[in-house]
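Trainee: Pasted the sequence and its predicted model underneath.
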Amino acid sequence: MTDLGDLELVHRLADEADAIARRYFSSATIESRAKSDGSPVTDADREIEIVLRSLIRQQYPGDAFIGEEFGAHGHGRRRWIIDAIDGTASFLAGEPEWSTLIALEEDSRITLGMVSAPALGRRWWARPDSGSWTGPCPSNPDAPAHRLALTEGGSAQNAAIGIWPPPSRLNQQERAAAARLARGVTQVRPLLDWTTADPTAPAPHKPSTGSGTCHGALLVATGQLDAFLLLGAGLWDIAPLIPIVQEAGGTFSDLTGQHRTDTGAALFARPGLHQQLLDIAVADN
């Protein structure tokens with residue numbers, strides 16, 4: 001088999017995932033079932049993860065793999081991290097804000113991130129020291145890619161931020177952090193009472209809805225929001241976005257200020273704002 005570079009391979013993986021997802025997305029109905037945590041999963045999620053794992057094994061048989069649907073396989077200094085369809089609820093509803101998330105971790109450092117959103121016709125990718133980029137999908141060598149670059153942020157009090165998921169899906173500690181952050185800035189998406197977990201409240205739209213992206217961290221990387229707080233997340237929800245935001249000039253940490261992907265919390269921010277927002281989120285905690 002031809003030896004592909006990691007970036008070429010990740011675009012190929014995204015192309016394969018896009019083709020599978022489009023096939024299901026264009027069907028009249030998409031069947032789903034509930035996982036143990038109550039979230040939906042479709043046959044598209046499962047098929048994409050199986051196909052990508054097979055392609056990675058063919059190219060790099062010694063690499064490890066972890067996916068949201070089938071867990072971890074193998075051990076090694078290199079590990080591929082996959083979320084076959086991030087935004088399954090949007091996928092099922094026929095809305096375009098869903099994507100495949102792919103990351104490569106080497107020696108515990110995320111060295112490649114890819115977000116491919118075929119219903120939006122767009123993808124975003126980055127490697128450390130190589131820039132953060134966005135371009136059309138499927139990959140087209142003749143189509144120009146645009147490099148992402150962020151400007152310095154100002155005061156946190158004037159910031160516009162996104163927070164996800166809604167309060168009803170957060171525990172008490174997470175709601176408290178979200179509420180503190182919401183009170184400390186000018187604008188919050190979605191605009192909710194972050195102190196109350198009301199399971200009967202209508203489901204709000206994600207911060208990225210209608211923005212041309214499919215993940216709140218991409219709103220930061222593309223300069224549409226100053227910061228994004230993601231709570232109760234899995235490794236696969238966070239890892240692919242780290243290099244995309246950081247190579248655009250932004251920042252990442254969990255709520256303890258560490259560059260960890262296993263605590264379920266991720267704060268992405270425009271440069272110059274991160275510590276201010278972190279201080280607000282954990283004040284009196």
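Mentor: Right, received. Where do you want to start?
Trainee: Can you verify my assumption that residue 253 contacts residue 261?
Mentor: No: counting by CB atoms under 8 Å, residue 253 stays clear of residue 261, with 10.4 Å between them. Backbone N, C-alpha and C define where each C-beta goes, glycine included.
Trainee: who has more neighbours, the two?
Mentor: It is residue 261, of residue 253 and residue 261, that has more neighbours when counted by other CB atoms under 10 Å, with 24 against 19.
Trainee: before we move on, which element is the more buried one in?
Mentor: Using DSSP states H and E, residue 261 sits in no helix or strand.
Trainee: my read: it touches residue 236, true?
Mentor: No: if you go by CB under 8 Å, residue 261 and residue 236 don't touch, sitting 9.1 Å apart.
Trainee: number of nearby residues for residue 184?
Mentor: Neighbours of residue 184 (other CB under 10 Å): 18.
Trainee: same question, residue 132
Mentor: Residue 132 has 24 neighbours, counted by other CB under 10 Å.
Trainee: Buried residues in stretch 277-285, which are they?
Mentor: The neighbour-count check on stretch 277-285 (16 or more other CB atoms under 10 Å) flags 277-278, 280-281 as buried.
Trainee: Which pair in the residues you listed has the greatest spatial separation?
Mentor: 278 and 280 (7.3 Å; CB to CB).
Trainee: on that earlier part again, so which of the buried residues of stretch 277-285 is the closest to residue 61?
Mentor: residue 278 (40.7 Å).
Trainee: what's the closest non-adjacent residue to that closest one?
Mentor: Distances taken as CB to CB, 6 or more residues apart in numbering place residue 257 nearest to residue 278, at 5.9 Å, with adjacent residues excluded.
Trainee: how far away is the most centrally placed residue in the chain from residue 64?
Mentor: The residue lying closest to the centre of the chain (CA atoms, centre = their mean) is residue 237, at 4.6 Å. From residue 237 across to residue 64, the span is 19 Å (CB to CB, to the nearest Å).
Trainee: How is this protein partitioned into domains?
Mentor: 6-147, 156-281 (automatic domain parsing).
Trainee: okay if I get these as a markdown table plus mean pLDDT?
Mentor: Below are the domains of the chain laid out as a markdown table (pLDDT from 0 to 100):
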| stretch | mean pLDDT |
| --- | --- |
| domain 6-147 | 90 |
| domain 156-281 | 94 |
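Trainee: winner for burial among the ones you listed?
Mentor: Among these, ranked by average contacts under mean count of other CB atoms under 10 Å, first place goes to domain 156-281 (a mean of 20).
Trainee: Please give me every residue in contact with residue 198.
Mentor: 167-168 (CB atoms under 8 Å, 6 or more residues apart in numbering).
Trainee: how about it, phi and psi?
Mentor: phi -110, psi 100 (degrees, to the nearest 10).
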